[in-house]
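J.: this is a predicted model, with the sequence first.
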Amino acid sequence: MKTYYEILRELREDHDYTQDQIAQLLKTTQQVYSRYERGVNEMPVRHLRTLCAFYRVSADYVLGLKKGKWPDR
């Protein structure tokens with residue numbers, strides 16, 4: 001099972017964004033975002049919500065709790 005920080009990196013790379021671009025979206029620095037992707041710092045829920053909306057995926061997907069990218073309705 002992938003960790004949430006591996007999934008974050010995979011999503012970013014699949015969409016051809018840089019760490020700096022995502023950091024700007026989150027209103028943080030590239031260094032802080034890099035720490036999220038390396039699992040050094042835990043990401044705040046507000047950033048998780050922003051990234052889920054941005055990538056159009058569920059929090060369950062990012063957290064590795066569900067295989068699909070979008071929740072069942």
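T.: Sure thing, it's come through.

J.: which non-adjacent residue is nearest Glu37?
T.: Excluding the flanking residues, the one nearest Glu37 by C-beta to C-beta, 6 or more residues apart in numbering is Arg9, at 4.7 Å. For every residue, glycine as well, the C-beta is placed using N, CA and C.

J.: quick one: list the elements packing against the strand or helix carrying that neighbour.
T.: In the assignment (DSSP states H and E), Arg9 maps to helix 4-14. Helix 4-14 sits against helix 30-38, helix 45-55, helix 59-62, with contacts defined as 3 or more C-beta pairs under 8 Å, 6 or more residues apart in numbering; DSSP states H and E.

J.: for Glu13, which of those is the nearest?
T.: Glu13 sits nearest to helix 30-38 of all the helices and strands packed on helix 4-14, at 9.9 Å, using C-beta to C-beta.

J.: follow-up on the earlier one: kindly reformat the helices and strands packed on helix 4-14 as a markdown table containing mean pLDDT, mean neighbour count and distance to Thr3.
T.: Listed next are the helices and strands packed on helix 4-14 as a markdown table, based on pLDDT from 0 to 100; neighbours: other C-beta atoms under 10 Å; distance: least, C-beta to C-beta, whole Å:
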| stretch | mean pLDDT | mean neighbour count | distance to Thr3 |
| --- | --- | --- | --- |
| helix 30-38 | 97 | 17 | 10 |
| helix 45-55 | 97 | 15 | 14 |
| helix 59-62 | 92 | 18 | 10 |
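
J.: now these as CSV including distance to Gln24?
T.: Formatted as CSV, those follow (distance: least, C-beta to C-beta, whole Å):
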stretch, distance to Gln24
helix 30-38, 9
helix 45-55, 11
helix 59-62, 19
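
J.: got a list of what Tyr36 touches?
T.: Applying C-beta atoms under 8 Å, 6 or more residues apart in numbering, we find Tyr36 in contact with Tyr5, Leu8, Glu42, Met43, His47.
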